[in-house]
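In: starting from these lines, generate the structure:
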Amino acid sequence: MLREDLTKAMKAAMLAKEKCKLTTVRLILAAVKEKDIELRSEDRTPEEDDALITDILSKMVKQRNDSIKAYEEAGRCELAEREREEISIIQEFLPKQMSDDEITDAAKAVIDEIGAEGLKDIGRCMGALKAKYAGQMDFAKASVTIKGMLS
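Out: This next block holds a predicted model:
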């Protein structure tokens, strides 16, 4: 499903002559293909495939955010702006990100569901959140939220 959306977006960018979008979507598809080769399994369900692609997209956004910091520190604002453009294109394919309030609500629900009682349960809580909300949540914020609730 997400793989098909990426292919359609690439074709649309070609027809519209959107150079930046075309380049970015090709980078995404190349990363997906690289992961396919690494895993060498063709028997994934569409949901598993979408989760894999979402994970790749999240990592690409994180890499670009790191690059933006480095470019701005080096005074290369034009390169930082290019990275921002790529982030906005990549985020078109990611699920809507959860707000801080939604993260707090999800964290409370997972703590109650698991019956977490202390800091030793953070790993189990984070595992449950990652299984339920892959690509939708900033897990660094979620970790801080859970730690605050359990301490």
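In: contacts and neighbour counts: CA atoms only from here.
Out: OK.
In: residue 83: what's it in contact with?
Out: The neighbourhood of residue 83, defined by CA atoms under 8 Å, 6 or more residues apart in numbering, consists of 64-65, 67-68.
In: can you redo the residues you listed as JSON lines with neighbour count, pLDDT and secondary structure?
Out: Output for the contacts of residue 83, formatted as JSON lines (neighbours: other CA atoms under 10 Å; pLDDT from 0 to 100; DSSP: H, G, I helix; E, B strand; the rest coil):
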{"residue": "64", "neighbour count": "18", "pLDDT": "95", "secondary structure": "helix"}
{"residue": "65", "neighbour count": "16", "pLDDT": "93", "secondary structure": "helix"}
{"residue": "67", "neighbour count": "16", "pLDDT": "96", "secondary structure": "helix"}
{"residue": "68", "neighbour count": "21", "pLDDT": "95", "secondary structure": "helix"}
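In: export those residues to JSON lines and tack on distance to residue 116?
Out: Formatted as JSON lines, the entries for the contacts of residue 83 read as follows, by distance: CA to CA, whole Å:
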{"residue": "64", "distance to residue 116": "35"}
{"residue": "65", "distance to residue 116": "33"}
{"residue": "67", "distance to residue 116": "37"}
{"residue": "68", "distance to residue 116": "38"}
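In: what helix or strand is the spatially most central residue of the chain on?
Out: Centroid-nearest residue in the chain, with CA atoms, centre = their mean: residue 58, separated by 2.1 Å. Per DSSP states H and E: residue 58 is located in helix 46-73.
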